[in-house]
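Participant: model this:
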Amino acid sequence: MTTFPVTPNADHVLVASPNPVVRQQVLDKFFPKARRVEQASGGAEALGHLEKGFWHVLFLDRHLPDLDADELQQTVRDRYPAVEVVLLDHEASAPTLLSEANPSSICPTEWQSTHDPITGVHDESQGSDGNQNILGERNERAVFASRASTPCPNLPGMIGDSAAMQAVYRQANLVARRDTTVLITGPTGSGKELVARALHELSPRAARTLAVVNCAAIPETLLEAELFGYSRGAFTGALQSYGGRIQAAHLGTLFLDEIGDMPLSLQPKLLRFLEQKELQRLGSSQVVRVDARVVAATNADLLALVGQGKFREDLYYRLSAFPLAIPPLANRPDDVVQLAQYFLEKFSGSAPTAVLSQGASALLRAQRWPGNVRELQNVIERALILADGEPAIYPEHLMLGE
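Facilitator: Below you'll find the predicted structure:
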């Protein structure tokens, strides 16, 4: 008898599979009395459910339509370590995933069969005492742990090899090649736009346009026209039609920076585009279909804005199909010196690049950096000016805030 690797009181259950029959079979046969169950047709949708609440177990189909299941499994274990992940190994054309097991003999803790209907693996190592886990479960964990510890290439334009940034690189590389909507969060100056540009550059849409819209920089009265375009004569001064930034991103990527500042009046129109991939220009009844991947970024707490009635809840969940959090510089001290040296090379130009003294390096690492990478860049630029050609940067050259 094989022990099921999920706690018997796993009453918050999430099943992710493109096959609705498989999803229902898992729930009906293993957790018919679970207090909370949800189904997801893909990996991005599953991540959305995980973001919204606590789960005991995630059943994850290996044949997902949008994300690689093995990489997604590691992502879930990194970000939600309390969630037990069980892989479902079957062909999409074979919805009878659990048919080999006797339904009456299956319970949330164990089932009777040397052929595992969940993993599809014949467990030859199974002991008669019933204390062995699913074959390969421990080996799988070791493989995934090894993969997680393997350095991931930095994103284009990004500096820093700390563990915090490695997690960002790994998740970004995972989702970059998909069309999944990404919500990048992080404090001002942490590099959210660099991540958004990297997602575009690493995607199959890289040869197409990356259309950037800063929702905080455009007046509310002009933002709708800038995003959705307008027809000739739609308003005074509209002497010719304009396609808008969304249409400019057709077959490419639309980056909505500072999405938390989008006026509430425009949010339903953006939500419609995200759901239907179509829009209407101002002054026109014609529906235009646009194939654009959407990446949004904010330094605001969107859930807090939802609670305050300043941001639509449905739009938040639509945007956060794949949330990607950028850590503040204070949480990545190992990257500070590496970033500082990069900025020294950048600002030195054709002159010999100065180096950081040990004292300067220690001082930089000890700072809290409320302005994040942008603040560090300014500090290094000022230090070069104050050093006035000296071969090294010393603590007295660093003009640091409190």
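Participant: and stretch 384-393, which residues are buried?
Facilitator: Neighbour-count burial for stretch 384-393, counted by 16 or more other CB atoms under 10 Å, picks out 384, 387, 393. Bear in mind the C-beta positions are built from the backbone N, C-alpha and C, glycine included.
Participant: what's stretch 287-297 in contact with?
Facilitator: Outside stretch 287-297, the residues that touch it by CB atoms under 8 Å, 6 or more residues apart in numbering are 179, 181-186, 192-193, 195-196, 199-200, 203, 205, 211, 246-247, 249-259, 273-274, 277-281, 319.
Participant: from these, which would you call buried?
Facilitator: For those, a neighbour count by 16+ other CB under 10 Å gives the buried set as 181-186, 192-193, 195-196, 199-200, 203, 205, 211, 246-247, 249-250, 252-259, 273-274, 279-281, 319.
Participant: Which SSE is immediately downstream of the longest helix belonging to the chain?
Facilitator: Among the segments of the chain that qualify as a helix by DSSP state H, the longest is helix 372-387. Downstream of helix 372-387, the next assigned helix or strand under DSSP states H and E is strand 392-393.
Participant: domain assignment for the chain?
Facilitator: The record's domain parsing of the chain by automatic domain parsing lists 2-147, 163-325, 329-397.
Participant: okay, how far is it across the shortest one, tip to tip?
Facilitator: Across domain 329-397, the terminal residues are separated by 21 Å (CA to CA, to the nearest Å).
Participant: quick thing: my sequence starts at 19, can you match it?
Facilitator: Yep, numbering from 19; the last one is domain 347-415 now.
Participant: Would you map the helices across the stretch 119-268 of the chain?
Facilitator: 155-167, 181-194, 210-219, 238-246, 262-266 (DSSP state H, counting those that start in this stretch).
Participant: how about the fourth one: buried residues?
Facilitator: Of the residues in helix 238-246, those with enough neighbours to count as buried (16+ other CB under 10 Å) are 241-246.
Participant: Same question for the second one.
Facilitator: Taking 16+ other CB under 10 Å as the neighbour-count basis, helix 181-194 is seen to contain the buried residues 182-194.
Participant: now the residues you listed as a markdown table including pLDDT?
Facilitator: Output for those, formatted as a markdown table (pLDDT from 0 to 100):
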| residue | pLDDT |
| --- | --- |
| A182 | 88 |
| M183 | 92 |
| Q184 | 90 |
| A185 | 88 |
| V186 | 91 |
| Y187 | 92 |
| R188 | 89 |
| Q189 | 90 |
| A190 | 92 |
| N191 | 90 |
| L192 | 88 |
| V193 | 92 |
| A194 | 92 |
